[in-house]
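> following is a predicted model, sequence given first.
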Amino acid sequence: MKAFFIERYGKRNGAMGEVPEPVVGEHDVLVRIHAASVNPLDSKIRAGEFKLILPYALPLVLGNDLAGVVVGIGSAVTRFKAGDEVYARPPDGRIGTFAERIAVNEHALALKPTNLDMLQAASIPLIALTAWQALVETAQVKPGQKVLIHAGSGGVGTLAIQLAKHLGAFVATTTSTANVEWVKALGADVVIDYTQQNFADELQGFDVVLNSLGGDVLEQSLNVLKPGGQLISISGPPTAQFAQAQGLSWLLRQVMRLLSSGIRRKARKRGVGYTFLFMRADGAQLQAITALIEAGSIKPVIDRCFPFESTAEALTYVEQGRSKGKVCIRIH
């Protein structure tokens, strides 16, 4: 089958070519992929940034989001049947959605929202699960709480703003001048134009900050939180708890403890919590997100779509960091 894969790590590596058909285990669902979407995670994996914590065998088919149709099931699968329209973020160890077909554990899959087409559905899983695991599972956001979401026009940001509003939160976000009105339309109550303002000077008394940016923003975010607040970062630094949850070695746990020691110490001084979030595949959570999409509480935000043959160009476009919402790949 045709796929976009890498044979070694590097920022510009990757090619379209033929790879073996997926092996379908007893708990797996074989999906014919109609659409995928591109995430910054794909570029980081390609560059080798995660090879210590996600030791993939090479060659590796890239891709972390899919929407498609079930074409086969393993002997123990009970929740899906041939012909079902599904979407998913596959488990970390078995990515590979830039391909014509993939075998996915049934517990990572959910039925596709009926009101979305394949391209729209493919834009949702990774960013929606990230937002859900940050705001619902980790922060347990309640009505009336104040939530700051950095990079509101990015993939995770566009979804997190909508989810936080659905949860009843007062939502602030950061973006550039060109996107201020656009993120307000997504539901943000306050928008900080980072080209004109410093968010840490403008905001205070927040319950939750969701960070996807660099170290300076991470540290300044502590200043907007009230005592007991939570700083959740999807861009690092990782913690020993994360390393333990991933089953990493004692040495890597110590390395990550050191990497995060500075921000954890500063958070403790201010009486707030710090959590590093690396989202995981979860079909049950994705099904709950499906219900919100079908109810109209969350809508996909797509910047542009590329044909399958232009997967390399789609990755380059996302790496430029200027997309508003998600970038999709049409496969079938």
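It's in.

> so where's the stretch 51-200 of the chain uncertain?
By pLDDT under 70, the stretch 51-200 of the chain has no low-scoring segment.

> can you give me the helices for the stretch 1-150 of the chain?
Per DSSP state H, counting those that start in this stretch, the stretch 1-150 of the chain carries helices over the ranges 40-47, 118-122, 125-132.

> and what of the stretch 151-300 of the chain?
Under DSSP H, counting those that start in this stretch, the stretch 151-300 of the chain gives helices at 155-166, 180-186, 199-202, 215-221, 240-245, 250-259, 261-269, 283-294.

> JSON lines for the helices of the stretch 1-150 of the chain, including distance to Asp201 and mean neighbour count?
The C-beta positions use only the backbone N, C-alpha and C, and glycine is treated the same way. What follows is the helices of the stretch 1-150 of the chain, written out as JSON lines (distance: least, Cβ to Cβ, whole Å; neighbours: other Cβ atoms under 10 Å):
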{"stretch": "helix 40-47", "distance to Asp201": "28", "mean neighbour count": "20"}
{"stretch": "helix 118-122", "distance to Asp201": "38", "mean neighbour count": "26"}
{"stretch": "helix 125-132", "distance to Asp201": "26", "mean neighbour count": "26"}
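
> for Met1, which of the ones you listed is the nearest?
helix 118-122 (17.7 Å; Cβ to Cβ).

> please name every helix or strand in contact with the closest one.
strand 28-38, strand 66-73, strand 85-88, strand 302-307, strand 326-330 (3 or more Cβ pairs under 8 Å, 6 or more residues apart in numbering; DSSP states H and E).

> so which elements touch the last one?
In other words, strand 326-330. strand 28-38, helix 118-122, strand 302-307, helix 311-319.

> try it again at 10 Å.
strand 28-38, helix 118-122, helix 155-166, strand 302-307, helix 311-319 (3 or more Cβ pairs under 10 Å, 6 or more residues apart in numbering; DSSP states H and E).

> and that strand with helix 155-166, angle?
120 degrees (axes from the mean of the first three to the mean of the last three Cα atoms, to 10 degrees).

> equivalent analysis for the first one, please.
Note on geometry: by the same axes, to 10 degrees, strand 28-38 and helix 155-166 are set 100 degrees apart in direction.
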